[in-house]
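> Got a sequence here, can you build the structure:
(chains A and B)
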Amino acid sequence: MPTYLRSRSFVALALLPAMLIFIVFAIVPIIWSAYYGFFDWSGLGSLKFIGLDNYEMMLQDPIFWRALKNNLILVASAIIGQVPIALLLALLLLKNSMFNRVIRSAVFMPMVLSTVVVGLIWGYIYQPQIGLLNTVLEMLGLDSWIRAWLSDPKVNMYAVSIPINWANIGPYLVIFIAALQNISSEVNDAAKIDGAVGFRKLFYVTLPNIWDTVIVTIILCISGSLKAFDHVIVMTGGGPAQSTELLATYMYNNSFTVYRYGYGSAVSTMIILISALLIGLNYIITKRRG
Amino acid sequence: MLPTTNTRAAAADPRPQPWKKPLGLLLKLALFLYAAFTLYPLYWLIISAFKSNQDFFNRPFGLPAGWQFSNISRAWELGDMGRAMMNSTIVTIASVVLTVVLGTLAAYALSRFAFRASGLVKGLFLLGMLIPIHSTLVPLFIFMNKIGMLDTYWSLILPYTAFELSIAIFLNIAYMQSIPREVEEAAMIDGNGWWGVFGRIIFPLCLPVIATVTILAFLRFWNDFSFALVFINSQALKTLPLSLSLFSDGFGTDYALTMGAMFIAVIPTIVIYLIFQEQIMKGMVAGSVKG
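All right, here's what the predicted structure looks like:
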């Protein structure tokens, strides 16, 4: 066999299995999801074509908007909480000393725990009668603060957002440390000669130099919130009365608790459209700056 | 920008700063406290796993009055955690092997051979890092239901592999670019075909990046909840996270038992993390920035 044919068959055989699995289990489902989104289907019986009715229903469903709002609460809590904490920690843990490495590892640790374990542990922390949080509040004499953290609709979405942020600070910390260590020593030297120290250095030299990274982390917060699912399913299941529903749990509950597969597919497609929009936005921002 | 003047330059000169040392210590203390706060829920899980139910209620913050190993053995047998551990192990190992072998092979084809569709194929795999995984749950469920794949190990192994292939391929391509082509040419002259070059030269040379891919894939598969939740129904096939999520319903107020079960589930990941921290931190960030 001639060499070029041999290498051609090698390439085909080397790529084929990976492509087959990837296309069947990751790409095709998206196309199907778009397709089923046009039907009314309970999983049994025949599919009934209803055009864009599922999307219309979605936009008229207050629960959909609540889920979207809850996703936005997650994004906001990440931008207000996660990003500044990670940045502050990165500034303090910049040097590669032994102490700093240990602290960094500790901060990253929750990231490798199963989301179910994280959800369950925080479920115990928030438990109204025997939970750690209420016990501590009682010991401190703050009885008026005691509440059912995961069932009171006034606070439960915020309560849910804390463990999600807690578990995800690690990667942001590592991203910021890498960005800060990338600032060339000349920039730092110049700042020193200019007399920029402390906060002045932070705002006039350090932050402008890592601004692109800050933007990237904010985009990560947004796309990360669309991936939030496990913690909420474990802690509240989206309840009570759908008060902690997220887009992903809304999709799950519609499909697998009330068996509206057509509608669930439409929600899936909506999630894909929203993330495609965000990815496009991300692309434009990073291209314009890079 | 700040003006450069002599007085400013002078201000930056090193001079005695007596407040610096205590401030540094204070900062270290604050960082230590923050780290302790981060680890506390995990610490609490571990001490609670060794408490009796009564101890758990009465002294939630204290160390166990007597260290009870019975929670763990009871969870292992009564709670069927042994079975769940075996299911998780089977599914994780099979998916990791598939991901590593197929991913490295595909990366080799994409990094060394210029063919017309290679850009398109790379773009397609890149898409895999951007797809929100949960949006595939419904269509995959319908598809697997049709072909009778639901409630089998394959219903987890194949989707896990599909979604981890992208990161495996891109980490491998990046690494392969650092391997000089002369190495392969020499092996070709020695009479190896492409498969021989791949198996005897490229795969062994890529072992460092394969280690990273393996660790990341292990963590992702071992901890996965959503696919298992939707695709697995029979008790005999439940993985660790899925069994855990149902534990608190099944055993009601037997908190000590649930804690023991969680302890069993987290120990493997903690051990792996303690050994491979640096690789995990870097690899997870590489994956999340692209995704």
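
> Find the closest residue to chain B in the stretch 151-290 of chain A.
Across the stretch 151-290 of chain A, the shortest distance to chain B (CB to the nearest CB) belongs to A:Gly195, at 3.2 Å. C-beta: built from backbone N, CA, C; applies to glycine.

> Could you tell me how many residues sit around that residue?
A:Gly195 sits with 20 neighbouring residues when counted by other CB atoms under 10 Å in any protein chain shown.

> Check for me that it belongs to a helix.
No - using DSSP: H, G, I helix; E, B strand; the rest coil, the assignment for A:Gly195 is coil, not a helix.

> Report pLDDT for it.
On pLDDT, A:Gly195 comes in at 78.

> How is chain A partitioned into domains?
Domain assignment for chain A, taken from automatic domain parsing, gives A:30-60+A:260-290, A:69-258.

> from these, which stretch is densest packed?
Ranked by mean neighbour count, the domains of chain A are led by domain A:69-258 with a mean of 18 (mean count of other CB atoms under 10 Å in any protein chain shown).

> ends of that one, how far apart?
End-to-end distance for domain A:69-258, by CA to CA, to the nearest Å: 22 Å.

> can you point me to the longest helix in the chain?
Because you didn't say which chain, this covers chain A. In chain A, assigned by DSSP state H, the helix with the most residues is helix A:261-289.

> Chain B was what I was after
helix B:255-290.

> State the mean pLDDT of that one.
85.

> Listing request: residues of chain B with sub-threshold pLDDT.
Scanning chain B with the threshold set as pLDDT under 70 gives B:1-19, B:248-253, B:287-291.

> what are the ranges of the helices in the stretch 51-200 of chain A?
Assigned by DSSP state H, counting those that start in this stretch, the helices in the stretch 51-200 of chain A fall at A:53-60, A:62-77, A:83-92, A:98-108, A:115-126, A:132-139, A:156-182, A:185-193, A:198-201.

> would you turn these into a markdown table with distance to B:Leu205?
Putting the helices of the stretch 51-200 of chain A into a markdown table (distance: least, CB to CB, whole Å) gives the following:
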| stretch | distance to B:Leu205 |
| --- | --- |
| helix A:53-60 | 51 |
| helix A:62-77 | 42 |
| helix A:83-92 | 34 |
| helix A:98-108 | 29 |
| helix A:115-126 | 35 |
| helix A:132-139 | 50 |
| helix A:156-182 | 26 |
| helix A:185-193 | 34 |
| helix A:198-201 | 44 |
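
> quick one: least confident helix or strand in chain A?
Taking mean pLDDT, DSSP states H and E as the measure, chain A has helix A:198-201 as its least confident helix or strand, at a mean of 80.

> Now do it: which elements does it pack against?
Contacting helix A:198-201 under the criterion 3 or more CB pairs under 8 Å, 6 or more residues apart in numbering or on different chains; DSSP states H and E is no other helix or strand.

> go with 10 Å
helix A:185-193 (3 or more CB pairs under 10 Å, 6 or more residues apart in numbering or on different chains; DSSP states H and E).

> give me the number of residues near the residue lying closest to B:Phe198 once chain neighbours are set aside?
Nearest residue to B:Phe198, sequence neighbours excluded (CB to CB, 6 or more residues apart in numbering or on different chains): B:Tyr108, at 5.7 Å. B:Tyr108: 26 surrounding residues under other CB under 10 Å.

> Then B:Gly199?
B:Gly199: 13 neighbours (other CB under 10 Å).

> List the backbone torsions phi and psi for it.
Main-chain torsions, B:Gly199, degrees, to the nearest 10: phi -70, psi -40.

> Does it touch B:Asn192 like I think?
Yes - using CB atoms under 10 Å, B:Gly199 is in contact with B:Asn192, at 8.7 Å.

> got any residues that touch both of these two?
Jointly contacting B:Gly199 and B:Asn192 under the rule CB atoms under 10 Å, 6 or more residues apart in numbering or on different chains is no residue at all.

> any bit of stretch A:66-75 sitting next to chain B?
No - counting by CB under 10 Å from any CB of the partner chain, chain B is not contacted by stretch A:66-75; separation bottoms out at 11.6 Å.

> tell me the mean pLDDT over that stretch?
Mean predicted lDDT for stretch A:66-75 stands at 94.

> contacting residues around that stretch?
Contacts for stretch A:66-75 (CB under 10 Å, 6+ apart): A:58, A:61, A:156-158, A:160-161, A:164-165, A:218, A:221-226, A:228, A:231-232, A:238, A:242-251, A:253, A:267, A:270-271, A:274.

> mind listing what's buried in the longest helix of chain B?
Neighbour counts using 16 or more other CB atoms under 10 Å in any protein chain shown place B:255-266, B:268-269, B:272-273, B:276-277, B:279-281, B:283-289 of helix B:255-290 among the buried residues.

> Which residue, neighbours along the chain excluded, lies closest to the residue sitting nearest the centre point of chain B?
Residue closest to the mean C-alpha point of chain B, counted by CA atoms, centre = their mean, is B:Leu219 at 2.4 Å. Take B:Leu219 and drop its neighbours on the chain: the residue closest to it by CB to CB, 6+ apart is A:Val112, 5.6 Å away.

> ok, that neighbour - contacts?
A:Val112 touches A:167, A:170, B:215, B:218-219, B:222-223, B:266, B:269-270, B:272-274, B:276-277, B:280-281, B:284, counting by CB under 10 Å, 6+ apart.

> got it, and B:Gln68?
Contact partners of B:Gln68, counting by CB under 10 Å, 6+ apart, are B:Ala49, B:Phe50, B:Lys51, B:Ser52, B:Asn53, B:Asp55, B:Arg74, B:Ala256, B:Gly260.

> Could you rerun that using 8 Å?
Shown in contact with B:Gln68 (CB atoms under 8 Å, 6 or more residues apart in numbering or on different chains): B:Phe50, B:Lys51, B:Ser52, B:Ala256.

> That one belongs to a strand?
No - counting by three-state DSSP, one finds B:Gln68 to be coil, located in no strand.

> residue ranges for the helices of the stretch 51-200 of chain B, please.
Under DSSP H, counting those that start in this stretch, the stretch 51-200 of chain B gives helices at B:53-58, B:70-77, B:81-112, B:118-130, B:137-147, B:154-176, B:181-189, B:194-197.

> so of those, which one's packed in deepest?
Buried most deeply of the helices of the stretch 51-200 of chain B, by mean count of other CB under 10 Å, is helix B:154-176, with a mean of 24.

> do that one and chain A meet?
Yes - against chain A, helix B:154-176 shows contacts by CB under 8 Å from any CB of the partner chain at B:Leu158, B:Pro159, B:Thr161, B:Ala162, B:Phe163, B:Leu165, B:Ser166, B:Ile169.

> Check which helices and strands the strand or helix carrying B:Phe247 is in contact with.
According to DSSP states H and E, B:Phe247 maps onto helix B:240-250. Using 3+ CB pairs under 8 Å, 6+ apart, the elements in contact with helix B:240-250 are helix A:115-126, helix B:81-112, helix B:226-231, helix B:255-290.

> Give me the contacts around that helix.
Residues from elsewhere that reach helix B:240-250 (CB under 8 Å, 6+ apart): A:114-117, A:119-120, A:123, A:233-234, B:79-81, B:84-85, B:87-88, B:222-225, B:228-229, B:232, B:238, B:257-258, B:261-262, B:264-265.

> and the stretch 151-290 of chain A, which residues reach chain B?
Residues of the stretch 151-290 of chain A lying near chain B by CB under 8 Å from any CB: A:166, A:169-171, A:174-175, A:178, A:192-197, A:200, A:204, A:216, A:220, A:223, A:226-227, A:229-230, A:233-234, A:248, A:251-252, A:255-256, A:261, A:264-265, A:268-269, A:271-272, A:275, A:279.

> before we move on, the earlier item: could you export the contacts of B:Gln68 as TSV, including distance to chain A?
Listed next are the contacts of B:Gln68 as TSV, based on distance: CB to the nearest CB, whole Å:
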residue	distance to chain A
B:Phe50	15
B:Lys51	13
B:Ser52	14
B:Ala256	12
